[in-house]
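1. model the following, please.
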Amino acid sequence: MAFQRQLEVAVYHDVDRDIFIRDVYPLRKPAILKGIPLGPCTSKWTVEYLSGVGVSKEVKIHVSTVPQMDFLHKNFVYRTISFDAFVQRASEEKHANYFISEDEKYYLRSLGDDPRKDIADIKEQFPVLAEDIRVPEFFEKEQFFSSVFRISSRGVQLWTHYDVMDNLLIQVTGKKRVVLYSPRDATYLYLTGDKSEVLDIDNPDLSRYPEFQKAVRYECHLCPGDVLFIPALWFHNTVAVEFGVGVNVFWKNLPSEVYDRTDTYGNKDPTAATRAMQIIDRALKALEELPEEYRDFYARRIVLRIQSKAYRTNLE
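-> As a prediction, the model looks like this:
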């Protein structure tokens, strides 16, 4: 994009566990991993196979009249449909049967059996399909958090957000564009929680989001069989260039006690970060008791203190 500096995502070939841990993981940057043996899923998971494999369970899906889905303003609805019927619809451009409109778009993000208590695990929710995929064992078994099964209609774009755990995005079928932003560019992304308010990252309203142009954009395109390593806290925005199927595997890269024990999605901030945010909110409320000139002065002092005590200084 002309309005942003753009960098390439590094590509590695024939990566095994040792190479990943030695050469890729320590850099804490996104990386495309090619040539990883993933099992028969890349050839088997056609529309015909997925819709006829006997998975008749109902799934909760996102349905939208537009491909650019916006979680902050909820421009989609949730609907429940049988998995086999969903696969057929998601692969179509026009639908004989539909919820809102004949050209509506679909997105599935698999959930645990009880999403309030259970994590998504392809072995539990889709055991037949789990037999087809070999997840790269780049982390210890006890670090495993979830394996999320995803299917998108062609054109579906998901909002820019970050996750608090490391993950591998396995692109099984179809092509996907992924745009990423470094955690250090968080101040330019106009965040609400873990999501960016800038919905259209290709044609942003710079009069409304002027700082966005300062963020450095990493862009890559995934083909079937590619695996993208997304380190924790890296923002990512995806576009399904084609109807596609993928699996995200998340693992706890920090000690278990750091994470919120009620988190089944992998997107709740670590408990210490949540406490820090609450303290900041109380500090801001206290500053409201001061006149504007004093409030501005002490707010700047607080920012300087945070920068000196908490910011990393050894970044590129």
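
2. any stretches of the stretch 201-316 of the chain with poor pLDDT?
-> Counting by pLDDT under 70, the stretch 201-316 of the chain has low-confidence residues at 314-316.

3. can you pull out the helices in it?
-> Taking DSSP state H, counting those that start in this stretch as the test, the helices found in the stretch 201-316 of the chain are 271-287, 292-310.

4. adding distance to residue 163 and mean neighbour count, write the ones you listed out as JSON lines.
-> Every C-beta, even on glycine, is put in place using the N, C-alpha and C of the backbone. Shown next, in JSON lines, are these (distance: least, C-beta to C-beta, whole Å; neighbours: other C-beta atoms under 10 Å):
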{"stretch": "helix 271-287", "distance to residue 163": "13", "mean neighbour count": "12"}
{"stretch": "helix 292-310", "distance to residue 163": "21", "mean neighbour count": "11"}
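
5. dump these to a markdown table, plus distance to residue 26.
-> As requested, the helices of the stretch 201-316 of the chain are exported to a markdown table (distance: least, C-beta to C-beta, whole Å):
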| stretch | distance to residue 26 |
| --- | --- |
| helix 271-287 | 23 |
| helix 292-310 | 22 |
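
6. nearest to residue 5 among those would be which one?
-> For residue 5, the closest of those is helix 292-310, at 22.7 Å, according to C-beta to C-beta.

7. just the CA trace of that closest one, in PDB.
-> This file holds the C-alpha atoms of helix 292-310, laid out as PDB (Å, rounded to 0.1, in the frame of the first residue of the first chain):
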ATOM      1  CA  GLU A 292      -7.600  20.700  32.100                       C
ATOM      2  CA  GLU A 293      -4.100  22.300  32.300                       C
ATOM      3  CA  TYR A 294      -3.100  20.100  35.300                       C
ATOM      4  CA  ARG A 295      -4.800  17.000  33.900                       C
ATOM      5  CA  ASP A 296      -2.800  17.400  30.700                       C
ATOM      6  CA  PHE A 297       0.500  17.900  32.600                       C
ATOM      7  CA  TYR A 298       0.100  14.800  34.900                       C
ATOM      8  CA  ALA A 299      -1.200  12.600  32.000                       C
ATOM      9  CA  ARG A 300       2.000  13.400  30.100                       C
ATOM     10  CA  ARG A 301       4.000  12.500  33.200                       C
ATOM     11  CA  ILE A 302       2.200   9.200  33.500                       C
ATOM     12  CA  VAL A 303       2.900   8.400  29.900                       C
ATOM     13  CA  LEU A 304       6.600   9.200  30.300                       C
ATOM     14  CA  ARG A 305       6.800   7.000  33.400                       C
ATOM     15  CA  ILE A 306       5.200   4.100  31.500                       C
ATOM     16  CA  GLN A 307       7.600   4.600  28.600                       C
ATOM     17  CA  SER A 308      10.700   4.600  30.800                       C
ATOM     18  CA  LYS A 309       9.600   1.600  32.900                       C
ATOM     19  CA  ALA A 310       7.800  -0.700  30.500                       C
END
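
8. okay, the angle between that helix and helix 271-287?
-> 160 degrees (axes from the mean of the first three to the mean of the last three C-alpha atoms, to 10 degrees).

9. which other residues reach helix 292-310?
-> For helix 292-310, contacts defined as C-beta atoms under 8 Å, 6 or more residues apart in numbering pick out 283, 284, 287, 288, 290.

10. hmm, 6 Å instead?
-> When contacts are defined by C-beta atoms under 6 Å, 6 or more residues apart in numbering, helix 292-310 is touched by residues residue 287.

11. ok, stretch 281-291 next?
-> Residues outside stretch 281-291 that contact it (C-beta under 6 Å, 6+ apart): 295, 299.

12. any idea how far that stretch is from the chain center?
-> How far stretch 281-291 lies from its chain's middle: 34 Å, per C-alpha atoms, centre = their mean, to the nearest Å.

13. all good on my end, thank you.
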